[in-house]
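>>> would you be able to build a 3D model of this:
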Amino acid sequence: MSPATHGAYAMIPIKRTDVFQTVVRRLNDFLAKGDLRAGDRLPSERELAEMLGVSRTSVRQGLKVLESYGKIEIRVGSGTYVADLAKNRSQELLKLIENGVGEAFLTQLVEARTAVEKMVFEAFVDIANRRNIAELKKLVEDNAEEFLNPADMGQAGLDMTFERKICELTGNPIFLALQRQVHDLWMAAWRRYGFVPEKLEVLHAEHLEILARLTRGEYEAATALMVAHVDKSVTDS
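Sure, this is the predicted structure:
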C-alpha cells in the first residue's frame, strides 16, 4: 500500500474475557472507594498487578478503559492520575453517542480524528530530531508485547498511545487537550458500536512503517502514512 492509499478498517467484534472484566471492575472500585482525589497519582502498574494478582498487561489495558471513561489520566512517562471530572470537557462530546452509534457517525468521527492527528503529526515533524524519534521508537517497542499478546482483544485494538506520545512530544498543551477529547470519543463510540476498527498486527505494522520513515528523515512520506493510518472508510460488512 502506498503512503497515499486509504483503505478500510477491518471490523473486529469486541470480545471480553472474565479476567479482563474483573480487572476493570476492581480498578473502578479502587477509584470509587479509595481516598484518592483529583490529581492524585495511582500506584504503578506493577504495584496494581501485584495487588490484583494479574499481569501488568491486563492492568495497563484496564487502565485505558477507565481513561476512556474520563476517570483517570495516563501520562506517558509520568504515571496514572485521578481525573478531575468537573473539568473533563470530553463528557460533552460523549453525549453525542447517547442515542447510539452508526456507520454515518463513525465516518464523521474518522474525518474529525484524521484532521486532528494530521495537525499534530505535522507539528511533530517540524521539531523531529534523533532524541524524540528515539522516544517514539521506545514506545513502539514497549507496546509490541501488548499488541501481539493482548489481555483483551477489543481494548488493544483501540490503543492510541502512539498518537498520544507524538502529541506529547510536540509540547503543545492545546493539541493535547483537543486530541484527548477526540480519543475519548473514538474509544467510547467504537465500544458502543460493538467493534474495534483494526487488527492488532495491522496497527503495529503501520506504526513501525511510520517510525521507519521518520528515522530515515522521510517526513512527507511519514505524514502521508500517518493520515492513511487513521483516514479509512467505515463499513458494516
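>>> may I have the phi/psi pair for the residue nearest the centre of the chain?
The structure's the chain has its C-alpha centroid closest to residue 160; by C-alpha atoms, centre = their mean the separation is 2.1 Å. When quoted as degrees, to the nearest 10, the phi and psi of residue 160 stand at phi -130, psi 30.
>>> which strands and helices lie in contact with the host helix or strand of residue 228?
When elements are defined using DSSP states H and E, residue 228 is found to belong to helix 219-230. Counting by 3 or more C-beta pairs under 8 Å, 6 or more residues apart in numbering; DSSP states H and E, the packing neighbours recorded for helix 219-230 are helix 103-127, helix 200-215. C-betas here are computed from N, CA, C, even on glycine.
>>> dump the ones you listed into JSON lines; add mean pLDDT and distance to residue 221 as well.
Formatted as JSON lines, the helices and strands packed on helix 219-230 follow (pLDDT from 0 to 100; distance: least, C-beta to C-beta, whole Å):
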{"stretch": "helix 103-127", "mean pLDDT": "96", "distance to residue 221": "11"}
{"stretch": "helix 200-215", "mean pLDDT": "92", "distance to residue 221": "5"}
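>>> turn those into a markdown table, columns for distance to residue 74 and mean neighbour count.
Compiled in a markdown table, the helices and strands packed on helix 219-230 are given as follows (distance: least, C-beta to C-beta, whole Å; neighbours: other C-beta atoms under 10 Å):
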| stretch | distance to residue 74 | mean neighbour count |
| --- | --- | --- |
| helix 103-127 | 17 | 17 |
| helix 200-215 | 18 | 18 |
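>>> so which of those helices gets nearest residue 24?
Shortest separation from residue 24 across the helices and strands packed on helix 219-230 is recorded for helix 200-215, at 19.0 Å, computed as C-beta to C-beta.
>>> relative to helix 219-230, how tilted is that closest one?
Between helix 200-215 and helix 219-230, the angle comes out at 160 degrees (axes from the mean of the first three to the mean of the last three C-alpha atoms, to 10 degrees).
>>> next, the angle from helix 200-215 to helix 103-127.
Taking the same axes, to 10 degrees, helix 200-215 and helix 103-127 form an angle of 30 degrees between their directions.
>>> from the middle of its chain, how far away would helix 200-215 be?
With C-alpha atoms, centre = their mean, to the nearest Å as the basis, the distance from the averaged C-alpha position of helix 200-215 to the chain average is 15 Å.
>>> on contacts alone, who are the packing partners of it?
Under the contact criterion of 3+ C-beta pairs under 8 Å, 6+ apart, the helices and strands touching helix 200-215 comprise helix 130-148, helix 219-230.
>>> for residue 65, which of these is the nearest?
Counting by C-beta to C-beta, residue 65 lies closest to helix 130-148 out of those; the figure is 13.8 Å.
>>> other residues contacting the closest one?
Residues external to helix 130-148 that are found in contact with it (C-beta atoms under 8 Å, 6 or more residues apart in numbering): 57, 60-61, 76, 124, 156, 159, 161-162, 165-166, 169, 200-201, 203-204, 207-208, 211, 214-215.
>>> which residues touch residue 190?
The neighbourhood of residue 190, defined by C-beta under 8 Å, 6+ apart, consists of 14, 101, 106, 158, 196, 197.
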